[in-house]
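>>> Task: produce atomic coordinates for the following.
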Amino acid sequence: MNIPKKGELISRFEVLSIDKLDEYRSVAIHLKHIKTGCRVYKIYNDDEENLFSFTFRTPPSDNTGVAHILEHTVLCGSEKFPVKDPFLSMAKGSMNTFLNAMTFPDKTMYPAGSAVEQDYFNLMHVYGDAVFFPLLKEHMFRQEGHRLEIDEEGHLYRTGIVFNEMKGSYSSVESIAAEWSGRSLFPENTYGYDSGGDPDEIPELTYEQFVSFHNTYYHPSNCLISLYGNSDLKKNLDFIDENFLGRFEGHRLIDSEVRSQSRWREPVYLEKFWPSSPEDESLSGKTTHTLNWRLFPVTEPEKVIETQIVSEVLMGNAGSPLLMALQQSDVGEDVSPVSGLEMELQDLIFTAAVRGSDPERRDEFVKLVFDTLEQVVKQGIDADQIEAAIHAVEFRVREIRGGGPFGLRLIRKQLRGWLHGAGPSRTLRFNKYIEQVKSNCRTAGYLENLIKELFLDNKHYSVVTVRPDPALQQVVDARNAEAMESLRKSMSDKDLDDLRQKNHELRMYQETPDSDEARQTIPSLSRDDVPHKVLTIPTEKGISRGINWYKHELFTNGIIYCDMGFTMDSLPPELMIWMPLFCKGLSSMGMKGVPYDETARLISLHTGGFGCSLEASSTLHNDRMLKVIYVRFKMLSEQTAAGLDLVSRLIRDIDFFDLKRLRDLILEIRNDYKSSIIPSGHSYAMMRSGCRFSEASALEESWYGITQLEHLAAISEDLSDEALENIAATLDKVRTSLFNREAIKINVTAPFGEGDGIVAMLIEDLNSLEEGDFRESPLPELFRHDTEAEGLAVPSTVSYVSLSLPGSRLGTKEHAASLLLSHLLKTGYLWEQIRMRGGAYGAFASVSGLEEVFSFGSYRDPNIAKTLDAYKKSLEYMMENVSDEDLEKALIGMVGKELRPLSPAESGIVSFKRDLLGISDDIRQKKRDYLLEITAGDIKETASILLARWDEAVITIISGSDALSAAAGEISSLNGCIRELPQ
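Here you go, the predicted structure:
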């Protein structure tokens with residue numbers, strides 16, 4: 001790549017600076033558009049996954065959610081692309097590796113990426129035109145934001161996609177606690193508002209205010225454009241200038257900076273409420289307390305890294321003093337996930353929080369935190385703790401992590417400072433500062449003094465108590481009903497007729513297909529762009545000393561990843577339900593002779609992470625079920641010997657008989673399940689509805705679904721020493737049943753030239769395991785959904801609706817057709833009917849080829865019966881409405897998902913699992929061949945087959961009790977099948 005010089009002019013942009021970023025194997029160029037002042041930052045490297053992001057500072061001045069609604073609505077048609085939903089159009093037929101838009105408290109981002117150059121520029125063209133030249137018609141605002149509707153009985157009610165999304169968010173205690181942990185610290189500036197929108201205030205936003213917000217902030221002078229990857233710089237700049245920036249008259253002064261919050265001399269105490277279930281018999285143990293400090297500007301990089309190290313010391317692992325104090329105290333049941341360091345805003349925020357507490361224990365909680373911090377400062381921090389914290393922070397920077405594009409991580413990191421007036425490299429660099437930071441942190445008393453400065457001497461903190469109120473939702477509903485009735489009475493007949501007409505026009509707009517002329521404006525790839533050959537992962541495998549091993553040598557930036565898969569075929573059936581708690585204990589308990597806090601410090605010091613996960617799946621190996629626990633860890637090359645030795649000790653010597661620690665872990669994992677129901681209701685519902693058709697799905701549901709939640713709630717009822725002794729003995733029995741040489745296969749992903757040595761060392765360490773006595777055990781009795789439908793009640797104002805049908809098997813043509821059908825449904829009929837018209841935040845269809853299940857699902861949905869009806873009608877629609885153009889786009893979109901680059905860790909584990917499941921590269925190629933062969937007729941036939949199976953459908957709905965009761969009036973199979981989930 002040709003690196004320009006500072007001051008050089010490239011395509012109407014001036015080069016402001018060149019940054020060498022060795023830690024990311026990149027060079028970055030900072031430029032300014034001469035005409036508009038728009039700034040561009042290009043991170044140049046050899047990554048074929050190119051990304052861009054248009055980012056605007058969008059500071060809200062109220063809680064109406066204008067920035068959030070605008071984020072949705074700019075993607076509802078633009079000057080060059082006047083279709084109803086360009087975002088959806090691109091999702092249908094793009095090979096994108098990332099496609100999204102995100103609203104933050106102070107900015108809105110529009111990132112997308114692709115490994116195919118033409119696709120990358122297609123995405124940029126659509127996104128750029130959307131943000132700078134959107135249509136912003138009023139009916140788009142009413143669809144995405146909020147609107148009044150009139151039901152069949154003449155009553156008014158309010159709906160809208162963002163409105164319903166935020167109703168779901170305000171149903172979750174964790175969401176409310178997280179929201180106010182930040183907002184409470186900044187009452188004088190934009191961070192004091194909810195940029196997502198408060199459902200009570202969203203209706204106050206007018207269409208005129210909405211348009212004005214875009215006119216004010218969506219200008220190149222207020223835009224930061226981030227580019228990442230190997231795409232040519234000049235080609236990008238020419239494209240951006242020609243299509244977007246060059247169309248503006250010039251620079252504009254825009255007041256979008258986040259105002260500074262004045263420093264407090266005294267802390268602030270707030271009390272908020274969350275809508276617990278009206279059926280709750282007791283409110284005890286359902287309060288969350290958070291203690292939140294405003295720290296210093298994010299643009300001070302050395303101090304930021306030092307504070308990350310402080311956060312690791314205090315709360316980074318189970319042996320960290322503040323985390324231990326909160327876990328061991330009875331002031332709360334466990335530590336809230338709200339806890340930690342927040343670095344996305346202008347100033348850093350540190351939060352310590354507990355959940356499962358009571359309102360009257362607030363002051364006790366605050367005292368506990370301050371006493372612990374004072375004790376840390378007084379007693380000093382152990383050198384090993386400091387080294388473990390430094391190691392953890394360095395490891396995170398060094399690792400090429402999965403879970404999303406690596407480039408997007410760097411873009412978000414650079415924006416931290418760039419958004420607030422610093423150079424984009426200031427919050428991106430690490431190597432420049434780390435040596436001085438390490439020297440500082442290793443200096444006696446340095447971190448202790450920093451803790452004193454950040455927390456003990458810092459009066460700018462808030463204490464937020466979020467307590468349950470079983471009547472809250474009823475009060476809100478009654479207030480809204482009264483307001484709607486009052487509004488209804490104030491409206492004249494003409495007003496009502498006008499509203500009906502506006503809603504009719506919206507429905508007509510939603511139901512009228514885009515014209516051929518409009519659709520043809522959307523750039524897309526063609527079938528010829530679809531690669532015929534699947535991507536493969538280089539893998540070697542063999543057997544040494546009776547242990548099956550797999551090896552992958554890749555660029556890993558000096559990190560080694562090890563996976564040990566232990567089969568559970570011999571595990572007695574009564575032990576299966578205990579596996580999630582076993583996994584939690586394996587990564588969180590101590591070892592024989594080594595307490596859990598010291599064990600945690602050793603894990604942090606010698607590895608980059610240690611944990612385990614469970615998998616139950618049908619396979620293509622003669623219909624055998626895979627039942628496996630994966631023990632996974634990672635470490636730096638130079639720490640191999642110490643890391644492997646520690647892990648072998650853990651699986652041999654894990655000690656479940658620390659009863660106090662075991663009790664804390666039981667409550668923690670139970671609370672994790674409880675708090676995840678509302679934000680992940682669609683996942684729980686879909687897991688549940690598929691159980692009838694797959695024994696493996698039913699086993700996984702017993703680990704990760706409602707069955708496990710109810711098991712944890714049941715054992716939490718009795719945590720006496722006697723009960724805990726029995727649980728510890730059960731978990732130890734799991735250990736002795738699982739960890740033997742007969743049951744293990746290992747997988748190593750390592751830097752080039754290091755794989756053989758790591759495999760040999762790991763096998764040597766595992767050689768001391770017992771041989772094992774392999775006897776295949778039967779499965780336990782599992783939930784197989786013996787009713788047609790079930791309703792699971794939670795304190796939520798929105799619903800999660802799942803329906804599952806028997807599907808088709810991976811490796812068949814019908815399965816390939818089902819995949820394309822699911823893509824067509826979720827980017828077509830379901831999106832239009834359930835999201836655009838119904839107001840749900842999301843709707844989708846999914847296919848499991850191994851379990852042979854086809855499922856529908858919705859997310860934060862204001863409807864139940866209408867959604868179930870839409871599922872069936874979607875198949876009826878597809879039997880008559882599949883064009884060759886639709887099919888080609890679905891093919892491009894489906895194959896595009898398989899082109900996303902994998903991180904080193906992902907490459908290793910994906911290849912390992914494929915082999916265990918019997919998914920060979922030949923099977924994968926066969927699936928690709930089938931995808932390329934599928935015709936519109938095949939899609940119609942697949943829809944017909946699924947419709948013929950409709951009588952076998954199984955339904956699970958997670959929603960509020962009132963909504964479920966109302967739905968039972970329309971869905972007879974729900975009658976007698978509604979129950980409350982543990983709260």
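>>> so how many other residues sit close to residue 333?
Residues near residue 333, counting by other Cβ atoms under 10 Å, number 21. (Each C-beta comes from the backbone N, C-alpha and C, glycine too.)
>>> try residue 531
By other Cβ under 10 Å, the residues close to residue 531 number 12.
>>> Surely it touches residue 896?
No. The criterion here is Cβ atoms under 8 Å, and residue 531 misses it with residue 896 at 10.1 Å.
>>> Give me the pLDDT for the residue nearest to residue 396 when sequence neighbours are not counted.
Using Cβ to Cβ, 6 or more residues apart in numbering and skipping residues adjacent in sequence, the residue nearest residue 396 is residue 608, 8.0 Å away. We have a pLDDT of 95 for residue 608.
>>> if I look at residue 608, how far off is residue 497?
Distance, residue 608 to residue 497, by Cβ to Cβ, to the nearest Å: 65 Å.
>>> One more: residue 227?
Residue 227 sits 51 Å away from residue 497, going by Cβ to Cβ.
>>> same question, residue 863
Applying Cβ to Cβ, the value for residue 863 to residue 497 is 25 Å.
>>> next one: residue 940
To residue 497, residue 940 is 42 Å away according to Cβ to Cβ.
>>> domain parsing for this structure?
Domains of the chain are assigned by automatic domain parsing as 9-145+205-258+512-519, 268-405+416-468, 547-766, 789-980.
>>> Start and end of the last one, how far apart?
Using Cα to Cα, to the nearest Å, the end-to-end distance of domain 789-980 comes out at 15 Å.
>>> what about that domain, average pLDDT?
pLDDT averaged over domain 789-980 gives 95.
>>> Pull the distance from that domain to the chain's centre.
From the chain centre to the centre of domain 789-980 is a distance of 20 Å (Cα atoms, centre = their mean, to the nearest Å).
>>> Can you show me the helices along the stretch 651-800 of the chain?
659-676, 681-689, 695-704, 706-715, 721-738, 755-766 (DSSP state H, counting those that start in this stretch).
>>> deepest of the ones you listed, which one?
Highest mean neighbour count of those: helix 681-689, a mean of 25 (counted as mean count of other Cβ atoms under 10 Å).
>>> Output the contacting helices and strands for that one.
Other helices and strands packing on helix 681-689, by 3 or more Cβ pairs under 8 Å, 6 or more residues apart in numbering; DSSP states H and E, are helix 695-704, helix 706-715, strand 789-793, strand 800-806, strand 853-859, strand 954-959.
>>> Which of these sits closest to residue 191?
With Cβ to Cβ as the measure, strand 853-859 is the member of the helices and strands packed on helix 681-689 nearest residue 191 (27.4 Å).
>>> can you map out the strands along the stretch 251-400 of the chain?
268-274, 287-297, 334-335, 340-342, 347-357 (DSSP state E, counting those that start in this stretch).
>>> Okay, now the sheet partners of the shortest one, with direction.
Here strand 334-335 has these sheet partners by DSSP bridges: strand 347-357 (antiparallel).
>>> about what we covered before: please tabulate the helices of the stretch 651-800 of the chain in CSV, including the columns distance to residue 921 and mean pLDDT.
What follows is those, written out as CSV (distance: least, Cβ to Cβ, whole Å; pLDDT from 0 to 100):
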stretch, distance to residue 921, mean pLDDT
helix 659-676, 35, 95
helix 681-689, 29, 96
helix 695-704, 23, 97
helix 706-715, 34, 97
helix 721-738, 30, 96
helix 755-766, 20, 94
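>>> can the ones you listed go into JSON lines with extra columns for distance to residue 492?
Putting the helices of the stretch 651-800 of the chain into JSON lines (distance: least, Cβ to Cβ, whole Å) gives the following:
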{"stretch": "helix 659-676", "distance to residue 492": "47"}
{"stretch": "helix 681-689", "distance to residue 492": "41"}
{"stretch": "helix 695-704", "distance to residue 492": "54"}
{"stretch": "helix 706-715", "distance to residue 492": "49"}
{"stretch": "helix 721-738", "distance to residue 492": "67"}
{"stretch": "helix 755-766", "distance to residue 492": "78"}
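>>> Out of those, flag the one nearest residue 158.
Of all these, it is helix 681-689 that lies closest to residue 158, at 21.6 Å by Cβ to Cβ.
>>> so how far is that closest one off the chain centroid?
Centroid displacement of helix 681-689 relative to its chain, using Cα atoms, centre = their mean, is 16 Å.
>>> Repeat that for stretch 609-626.
Centroid separation between stretch 609-626 and its chain, computed with Cα atoms, centre = their mean, is 23 Å.
>>> what about dumping the CA coordinates of it to CSV?
Taking Å, rounded to 0.1, in the frame of the first residue of the first chain, the C-alpha atoms of stretch 609-626 are listed here in CSV:
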residue,chain,number,x,y,z
GLY,A,609,-9.2,-17.2,30.0
PHE,A,610,-10.5,-20.6,31.2
GLY,A,611,-14.0,-21.9,31.0
CYS,A,612,-16.3,-24.5,29.7
SER,A,613,-19.5,-25.0,27.7
LEU,A,614,-21.9,-27.8,26.9
GLU,A,615,-23.2,-29.1,23.7
ALA,A,616,-25.9,-31.7,22.8
SER,A,617,-26.6,-32.3,19.2
SER,A,618,-27.7,-34.8,16.7
THR,A,619,-24.8,-35.7,14.3
LEU,A,620,-24.3,-37.2,10.9
HIS,A,621,-22.4,-40.1,12.4
ASN,A,622,-25.0,-42.8,12.1
ASP,A,623,-27.6,-40.7,14.0
ARG,A,624,-25.5,-40.8,17.2
MET,A,625,-26.1,-37.9,19.6
LEU,A,626,-23.1,-35.8,20.6
